[in-house]
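Novice: Here is the input, now give the coordinates:
(chains A and B)
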Amino acid sequence: MSRARTSLVFENVSKEFRVKGGVKTVVRDLNMAIPRGRSLALLGRNGAGKSTLLSMVAGALKPDRGRILRNANISFPLGFAGSFHKDLTGAQNVRFVARIYGVDEEMLIDYVQDFAEIGPFIDQPVRVYSSGMKARLAFGVSMGIRFDVYLVDELTAVGDQNFKKKSKAVFESKLANSDVIMVSHSVNQLRRYCDCGLVLEDGRLEVFDDLEAAIERHHLNMREVSGAVGEVVEDGAGPARRKARPGRRDATRGAAARPGAEAARAPSRNAT
Amino acid sequence: MTDAAAPRKRHRPESPFRVHLRVVTALLRREMATRYGRTSGGYFWAVAEPAGMIGMMSMAFAALSRKPDLGQSFIVFFATGFLSFNFYRMTAMQLFSTVRSNRALLNYPNVAIYDAMVARLLLQTLTNCMVAAVILGIAIWYTEESVQLDVAWIAPALGAATLLAFGVGVMNSVLFQMFPLYQRVFLIVNRPLFIISGVLYIPEILPTQLRELIAWNPLVHVVSGFRQGVYPSYHSMITQLEYPALCGLVTLALGLLLLRRFGERLMDQ
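Specialist: Okay, here's the model as predicted:
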């Protein structure tokens, strides 16, 4: 196929925040195409704007300039429960998400009820749920819909040991066909799920085909700031899934940087 | 464990219009289920609230004077005024709070703030139509007022009111975020709006100068236009429904521009 598939295209995307005593730049003139089939770790020090960038991809935040094209079915942030209306039952809330994504409502409800292990509570209003039940329901919804790209802002485990095990297994099985864009404090987690990396620093997003190179760059950034405390913690265990393809490209300069060989500009539909 | 369901088309994105349609429908049904939430009675209140207002006003005015400006019945006279006025007020109010109550839903890449606005507009307009039909129907039947409903006046009047509400609603949902002071002033000024909108009287009874002054209020045209569609004997001197419709289009264009330029960014905060 001459036109390779991309999941996301950033076109001249800029975003800044006004903060006390100045302006905080998250990204400046970001041009980038993210191909399907790659899972990205998003690295950067505290406050660099990783979560903001992820929220922009989800659509909760809008760029100041430029636009983000979504050419794939992008998930909402994994385990997002903020949309649950407390007066609606679990089933009604799940049904709402099913409708938004055009998936079969009853199938999704059955799946989530089973996955979240909440039994008859599915027909109770969410306001009576425990926080654990709510989290399990939210995670179940994320797992019940098949997305092309999962957005993950800190993969936090919910539930007891068995549930954690099950969630992890299901999430990993999803990644056979889906990609992930992940923000995490745990290098171990990033190594497990991602194969390339983005490093966000001072409004510039550097693209690394090799995750280890990205992690190295990130550690370097941390050291440049004297006294800065490393945010990413090495937590043992080697890489589970990575491709040794060193090399980096600067995404903030030039046109679409291409982390994968197949990246291409996508048709301009589904603009935000 | 298997997937519950896969979106219908996996790789090729659906047309934005179809997504919009689906999301609006989902939001509409969600709003219907939550609007009256935990209050018992639910949609009963959508009818009861304006009905109570009309009833009280009618009793008060019936004690003061013998006959309303049009027809024989205060109930029908105030009902025509309040109900057409509410096509603007209720819809505009709903739109003002769209951003606040739907912000969390923007975390779904499929959902845009426009979807939420369209959903609220549709739901409130449907509610308005239902409420108006019920109250006016009962009022006319009960009072045996002689009316002749003329859709050629009623539909454009209510349409203009809805368009105006949509425009003002979209514009203000941005401006309220930008200027909280403006929000306060606007809401205070709006409270007695029905007094200068000709709900309680017809503009023709006013002295010429005053009449020309309140004719600048687009809602005066909505109310008098609606009454022309109910009272066959009423031929208003001032009604020009093009005016509220034009105000609606101008505010809507301005609102969409503001929303595009600043709005969605302001919603971040």
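Novice: show me where the stretch 1-150 of chain A has strands.
Specialist: Counting by DSSP state E, counting those that start in this stretch, the stretch 1-150 of chain A has these strands, from start to end: A:6-19, A:22-35, A:40-44, A:65-70, A:149-153.
Novice: neighbouring contacts of the helix or strand where residue B:221 lies?
Specialist: For residue B:221, the element it lies in under DSSP states H and E is helix B:218-228. Taking contacts as CB atoms under 8 Å, 6 or more residues apart in numbering or on different chains, the residues outside helix B:218-228 that touch it are B:70, B:80-81, B:83-85, B:87-88, B:150, B:153-154, B:156-158, B:160-161, B:164, B:193, B:196-199, B:202-203, B:214-215, B:234-236, B:238-241, B:243-244, B:247-248. (C-beta placed from N, C-alpha, C; glycine too.)
Novice: These in helices, which ones?
Specialist: Using DSSP state H, the members of these that fall within helices are B:80-81, B:83-85, B:87-88, B:153-154, B:156-158, B:160-161, B:164, B:214, B:243-244, B:247-248.
Novice: The strands of the stretch 1-150 of chain A: which one's closest to residue A:125?
Specialist: Among the strands of the stretch 1-150 of chain A, the nearest to residue A:125 by CB to CB is strand A:149-153 (27.0 Å).
Novice: Tell me the helices and strands packed up against that closest one.
Specialist: The elements that strand A:149-153 packs onto, with contact taken as 3 or more CB pairs under 8 Å, 6 or more residues apart in numbering or on different chains; DSSP states H and E, are helix A:50-58, strand A:179-183.
Novice: wait, which of those is closest to chain B?
Specialist: Each of the helices and strands packed on strand A:149-153 has some distance to chain B by CB to the nearest CB; the shortest is helix A:50-58, at 5.4 Å.
Novice: Quote the end-to-end distance of stretch B:201-208.
Specialist: Taking CA to CA, to the nearest Å, stretch B:201-208 runs 15 Å from one end to the other.
Novice: quick one: the helices in the chain?
Specialist: I went with chain A, as the question did not name one. Assigned by DSSP H, chain A shows helices spanning A:50-58, A:90-101, A:105-116, A:131-144, A:161-174, A:187-193, A:211-224.
Novice: my question was about chain B
Specialist: Listed in chain order, the helices found in chain B under DSSP H are B:16-34, B:44-64, B:74-96, B:98-102, B:113-143, B:151-178, B:180-190, B:208-214, B:218-228, B:242-258, B:264-266.
Novice: The fifth one vs helix B:151-178, what angle?
Specialist: It refers to helix B:113-143. 140 degrees (axes from the mean of the first three to the mean of the last three CA atoms, to 10 degrees).
Novice: Please state the mean pLDDT value computed over helix B:113-143.
Specialist: The predicted model assigns helix B:113-143 a mean pLDDT of 93.
Novice: Tell me how far that helix lies from the chain's centre.
Specialist: Taking CA atoms, centre = their mean, to the nearest Å, one finds helix B:113-143 lying 8 Å from the centre of the chain it belongs to.
Novice: Go through it and flag the buried ones.
Specialist: For helix B:113-143, the neighbour count (16 or more other CB atoms under 10 Å in any protein chain shown) marks B:113-125, B:127-128, B:131-132, B:135-136, B:139-140, B:143 as buried.
Novice: which strands and helices sit next to that helix?
Specialist: helix B:16-34, helix B:44-64, helix B:74-96, helix B:98-102, helix B:151-178.
Novice: Pick the most deeply packed of the ones you listed.
Specialist: Compared across the helices and strands packed on helix B:113-143, helix B:74-96 shows the largest average neighbour count, a mean of 25 (mean count of other CB atoms under 10 Å in any protein chain shown).
Novice: Could you check the angle that helix makes with helix B:151-178?
Specialist: For helix B:74-96 and helix B:151-178, the angle between their directions (the same axes, to 10 degrees) works out to 40 degrees.
Novice: quick one: is stretch A:123-135 near chain B?
Specialist: No: judged by CB under 8 Å from any CB of the partner chain, stretch A:123-135 makes no contact with chain B; its nearest approach is 8.8 Å.
Novice: residues in contact with that stretch?
Specialist: Defining contact as CB under 8 Å, 6+ apart, one finds that stretch A:123-135 is touched by A:79, A:81, A:84-91, A:93, A:116, A:118, A:121, A:137, A:158-159.
Novice: Run through the chain and note the low-pLDDT ranges.
Specialist: By default, I'm working from chain A. Within chain A, the segments meeting pLDDT under 70 span A:1-4, A:225-272.
Novice: that's the wrong chain, I wanted chain B
Specialist: In the predicted model of chain B, residues B:1-14, B:37-40, B:263-269 satisfy pLDDT under 70.
Novice: quick one: residue B:91 and residue B:169 touch, right?
Specialist: Yes: between residue B:91 and residue B:169 there is a contact at 6.5 Å, judged by CB atoms under 8 Å.
Novice: Could you tell me which residues touch both of those two?
Specialist: Counting by CB under 8 Å, 6+ apart, the contacts common to residue B:91 and residue B:169 are residue B:121.
Novice: How many residues are close by residue B:216?
Specialist: Residue B:216 sits with 9 neighbouring residues when counted by other CB atoms under 10 Å in any protein chain shown.
Novice: Then residue A:132?
Specialist: Residue A:132 is surrounded by 14 other residues when neighbours are defined as other CB under 10 Å.
Novice: Could you measure from it over to residue A:95?
Specialist: From residue A:132 over to residue A:95 the distance is 22 Å, taken as CB to CB, to the nearest Å.
Novice: repeat for residue B:28
Specialist: Applying CB to CB, the value for residue B:28 to residue A:95 is 13 Å.
Novice: Check residue B:188 too.
Specialist: In this structure, residue B:188 and residue A:95 are separated by 40 Å, where distance is defined by CB to CB.
Novice: the more surrounded of the two?
Specialist: Under the neighbour definition other CB under 10 Å, residue B:188 and residue A:95 were set side by side, and residue A:95 has more, 20 against 9.
Novice: Without its sequence neighbours, what residue ends up closest to that one?
Specialist: Excluding the flanking residues, the one nearest residue A:95 by CB to CB, 6 or more residues apart in numbering or on different chains is residue A:105, at 4.8 Å.
Novice: what's the most buried one of the helices and strands packed on strand A:149-153?
Specialist: strand A:179-183 (a mean of 24).
Novice: What is that strand packed up against?
Specialist: The contact analysis (3+ CB pairs under 8 Å, 6+ apart) places strand A:179-183 against strand A:40-44, helix A:50-58, strand A:149-153, helix A:187-193.
Novice: hang on, the earlier thing: just the strands of the stretch 1-150 of chain A: most buried one?
Specialist: Of all the strands of the stretch 1-150 of chain A, strand A:40-44 has the most neighbours on average by mean count of other CB under 10 Å, namely a mean of 27.
Novice: got the helices and strands packed on strand A:149-153 as TSV, with distance to residue A:142 columns?
Specialist: Converted to TSV, the helices and strands packed on strand A:149-153 look like this (distance: least, CB to CB, whole Å):
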stretch	distance to residue A:142
helix A:50-58	12
strand A:179-183	12
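Novice: For residue B:256, which of the ones you listed is the nearest?
Specialist: For these, proximity to residue B:256 was assessed by CB to CB; helix A:50-58 is nearest, at 21.3 Å.
Novice: pull the CA atoms of that closest one into PDB?
Specialist: What follows is helix A:50-58, C-alpha atoms only, in PDB (Å, rounded to 0.1, in the frame of the first residue of the first chain):
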ATOM      1  CA  LYS A  50       2.800  15.000  29.100                       C
ATOM      2  CA  SER A  51      -0.700  14.800  30.400                       C
ATOM      3  CA  THR A  52      -1.700  17.900  28.600                       C
ATOM      4  CA  LEU A  53      -0.500  16.400  25.300                       C
ATOM      5  CA  LEU A  54      -2.400  13.300  26.000                       C
ATOM      6  CA  SER A  55      -5.500  15.200  26.800                       C
ATOM      7  CA  MET A  56      -5.100  17.000  23.500                       C
ATOM      8  CA  VAL A  57      -5.000  13.700  21.700                       C
ATOM      9  CA  ALA A  58      -8.100  12.600  23.600                       C
END
